[in-house]
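1. Structure of the sequence below:
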Amino acid sequence: MLYSRGSYLSDGHKISKNPSSIFFSALARGLHSSSAEAIDWGGALDSALNGLYAYTRARRPSRTLVDPLSAFVESFVSGENLVEAVGAAAGATEETKDVEAKAGRSAYLESESLKKEKLPDPGAWGIKLILEALIKG
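-> Here you go, the predicted structure:
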């Protein structure tokens, strides 16, 4: 389990305040701790998402990168295949177009203008692109 101790994780690694850095660092640690014979992707993803939740109040729907990340992780952990889980993330990204920002940078902007423009959250869009690249090879 990861927990905050100032600017460090319980395992001594310095953390960034960037949510994607927190998630991917926790994912890498989770994968590194898996055995070479059987990588536990679901466990590592779930642990990384919970690690991220320790540092942000954002929960889906929040108009942040948490929206596609949580949709992807929850879908994958529940038994959906990679393509289906990426599809869930893409759908969650599109849904951010209509969500009032509750956390992240978008919360500091005028929410009505974000809804009027019908643009997805930029962080969510970036996560969607990374995940889609996984299935494109």
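2. what about the closest residue to Leu27 other than its chain neighbours, how many neighbours?
-> Among residues not flanking Leu27 along the chain, Ala48 sits closest, at 3.9 Å (C-beta to C-beta, 6 or more residues apart in numbering). (Each C-beta comes from the backbone N, C-alpha and C, glycine too.) Residue neighbour count, defined by other C-beta atoms under 10 Å, stands at 23 for Ala48.
3. Secondary structure element holding Glu84?
-> Using DSSP states H and E, Glu84 falls within helix 82-95.
4. So which residues make contact with that helix?
-> 60-61, 67-76, 80, 120-121, 124-125, 127-128, 131-132, 134-135 (C-beta atoms under 8 Å, 6 or more residues apart in numbering).
5. Hmm, the residue nearest to Leu27 is touching Asp40, no?
-> No. With contact defined as C-beta atoms under 8 Å, Ala48 does not count as touching Asp40 (11.7 Å).
6. what touches both of those two?
-> By C-beta under 8 Å, 6+ apart, the residues touching both Ala48 and Asp40 are Gly30.
7. residues of stretch 87-97 that come out buried?
-> Within stretch 87-97, the residues that count as buried by 16 or more other C-beta atoms under 10 Å are Gly87, Ala88, Ala89, Ala90, Ala92, Thr93, Glu94, Glu95, Thr96.
8. pLDDT of it, averaged?
-> Per-residue pLDDT over stretch 87-97 has a mean of 93.
9. Also stretch 100-113?
-> pLDDT averaged over stretch 100-113 gives 61.
10. low-confidence ranges in this structure?
-> 1-24, 28, 31-39, 101-115 (pLDDT under 70).
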